[in-house]
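Asker: output the structure for:
(chains A and B)
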Amino acid sequence: MNINLDFNYKSIKPFIFICFHFGILALVFSLIVHRLSQTRKDALIGSLSLITIRLTVDARPTATLIEFSNMEEVKLIGMWLSPYSYRVIWALKLKGIAYEYIEEDLSNKSPLLLHSNPVQKKIPVLIHGGKPICESSVILEYIEEIWPQNSLLPSDPYERAIARFWIKFADDKSPSISNIYRTSGEEQEKAVKDSLEMLKTIEEHGLVGEKKFFGGDKISMVDMAFGAVAHWLGVIEDVAGLKIFEQHKFPRLNSWIQNFKEVPIIKENLPDRDKMLALLKRRREMLLASE
Amino acid sequence: MGEENKVILHGMWASPFSKRVELALRLKGVPFEYKEEDLRNKSSQLLHYNPVYKKVTVLVHNGRPIAESSLIILEYIDETWKNSLQLLPEDPYKRAKVRFWTSFIEQQLFQTMITVIKTDGEAQEKAIKEVLEKLEMLEEGMKEFFPDRNPSIDSENLGLLDLVFFSSFGLHKVREEVLGIQIIDPEKTPLLFSWVKAINQLPLVKELTPPHDKLVAFLKFIRECSQVFFNLV
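Answerer: Sure thing, here's the model as predicted:
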């Protein structure tokens, strides 16, 4: 048997050719990426990971066109005073998603808002590739699905159900907090009572186990849902001239607030306290005068 | 499998919330044990499982409770038992639309419907007007989901939106009888009318729906004696 072990140089020539050009392409690509802004880099990493996940792990048939949907234009219609608006801002920034922010004047609603959210006519509204998504909790779930990097929900179905429970609780009970400055007399007393009950429930059931955040060591959608408690409540207390949150009565909640506000994305994205105080005071005066 | 995958549903026969969880489990073919809860005398087990809201509808899977807003329970069921019948669509944008409308039906429509049930006179008239207005909004919104205006429903394609709409308005005839008003008008909201009719005709739904007379009697009872019913289920 005659085994030919001669090294055939000619047969590997195309191979070297391909490798060489691939190398050049890789170099050019990394130079381009290097020049991108941080947010665009994160978006690119996000979409590449999404593609990898979709191709390797996820066999969903709709994957092919969605792969690039996370690079379509993102717009957020929001309002600088609204905690619901901030929930979306925090989620987008934590995931490194580039977006255009549009401030809405709620006393003079724009055609864009009315067209994007004809049912509720409310903010926040996320517009992704021209398609509107409304309701902050719905928007957060959408963001989590399209851009899975820096996950904001646990992966275990049971843990997710618990997270969603607390998000719903926050949605149900947070309006009591704004009612504190919007009302007076008996109505205000009820708002205060409801708010206190909410704080008590969080203290006794939501933050058990000396956790840094609601979901453990990492910030999640649940923490964002309680943003109103962390920042807005303090201002509203000043507007109404009432003391509701006493640190010694809510030690766990107090630690949580400190932890939450220390997260850089949160710290850098909160409405100005003095500006809020001035506006809410004016609003309260107008509301009480009209009664 | 035995004890490992034990599923228990704590429910109440007249509760729309526990009914839709029951439906979902049956549709998905998940074996479960049903425990009827007495609202006047809730089991200590129940209060242990749902200390925050103290409501009846609780799903217990492998000893772990999931409570509140059977919407959360339904999503959990969808994520845990992944088989041919998926309650939520695959596409994230379509999922967002389903979540938006289920939230609308639950928070806005159904809450106002509860006010209609609980009140009389002027307060009720105001609430009725609001319900009818919102039903028309829902009619408009559902045109996107049923482009041929003819909902063809079968057990194979029931989804979260169908379950939520059904549990909120499936028994509209019972309410119409007791309250003496028209809620789902075949002329004003033809799509909703044919949608609810199609769901009501499914064999599984017929099987799980209590008899009409029993429901009428129960609704009359809630209106007269038990104003807090909807806070408990």
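Asker: my read: residue A:144 touches residue A:155, true?
Answerer: No - assessed by Cβ atoms under 8 Å, residue A:144 is found out of contact with residue A:155, at 10.9 Å. From N, CA and C alone the C-beta is placed, and that goes for glycine too.
Asker: now the most centrally placed residue in chain B: how far from chain A?
Answerer: For chain B, residue B:167 is the residue whose C-alpha lies nearest the centre (Cα atoms, centre = their mean; 2.5 Å). Shown here: residue B:167 relative to chain A, a distance of 17 Å by Cβ to the nearest Cβ, to the nearest Å.
Asker: beyond the one helix or strand in chain A whose mean pLDDT sits lowest, next helix or strand please.
Answerer: Ranked by mean pLDDT, DSSP states H and E, the helix or strand of chain A with the weakest confidence is helix A:63-66, at a mean of 48. Following helix A:63-66 in sequence order, the next helix or strand is strand A:74-78 (DSSP states H and E).
Asker: next SSE after that following strand?
Answerer: Downstream of strand A:74-78 (by DSSP H and E), the next one is helix A:83-94.
Asker: now do that next one: distance to the chain's middle.
Answerer: Mean C-alpha position of helix A:83-94 versus that of the full chain (Cα atoms, centre = their mean, to the nearest Å) differs by 4 Å.
Asker: who does that helix touch, helix- and strand-wise?
Answerer: Helix A:83-94 makes packing contacts with strand A:74-78, helix A:136-146, helix A:221-225, helix A:227, helix A:264-267 when contacts are defined by 3 or more Cβ pairs under 8 Å, 6 or more residues apart in numbering or on different chains; DSSP states H and E.
Asker: let's see 6 Å
Answerer: If contacts are counted by 3 or more Cβ pairs under 6 Å, 6 or more residues apart in numbering or on different chains; DSSP states H and E, helix A:83-94 sits against helix A:136-146, helix A:264-267.
Asker: just want the angle from the longest one to helix A:83-94.
Answerer: Using axes from the mean of the first three to the mean of the last three Cα atoms, to 10 degrees, the inter-axis angle of helix A:136-146 relative to helix A:83-94 is 10 degrees.
Asker: using CSV, list the CA coordinates for helix A:136-146.
Answerer: Taking Å, rounded to 0.1, in the frame of the first residue of the first chain, the C-alpha atoms of helix A:136-146 are listed here in CSV:
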residue,chain,number,x,y,z
SER,A,136,-45.0,50.5,31.8
SER,A,137,-45.2,46.9,33.0
VAL,A,138,-46.0,45.6,29.5
ILE,A,139,-43.1,47.8,28.1
LEU,A,140,-40.6,46.3,30.7
GLU,A,141,-41.6,42.7,29.7
TYR,A,142,-41.2,43.6,26.1
ILE,A,143,-37.8,45.2,26.6
GLU,A,144,-36.7,42.1,28.6
GLU,A,145,-37.7,39.8,25.7
ILE,A,146,-36.1,41.8,22.9
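Asker: would you mind checking the average pLDDT for that helix?
Answerer: If you average the pLDDT over helix A:136-146, you get 97.
Asker: pull out the buried positions in the helix or strand just after that helix.
Answerer: Sequence order places helix A:157-173 as the next helix or strand after helix A:136-146, per DSSP H and E. The neighbour-count check on helix A:157-173 (16 or more other Cβ atoms under 10 Å in any protein chain shown) flags A:157-158, A:160-171, A:173 as buried.
Asker: and chain B, which of the residues you listed reach it?
Answerer: Near chain B, judged by Cβ under 6 Å from any Cβ of the partner chain, the entries from the buried residues of helix A:157-173 are A:157, A:158, A:161, A:164, A:165, A:168.
Asker: how about the third one, what does it touch?
Answerer: The reference is to residue A:161. Residues near residue A:161 by Cβ atoms under 6 Å, 6 or more residues apart in numbering or on different chains: B:66, B:72, B:76.
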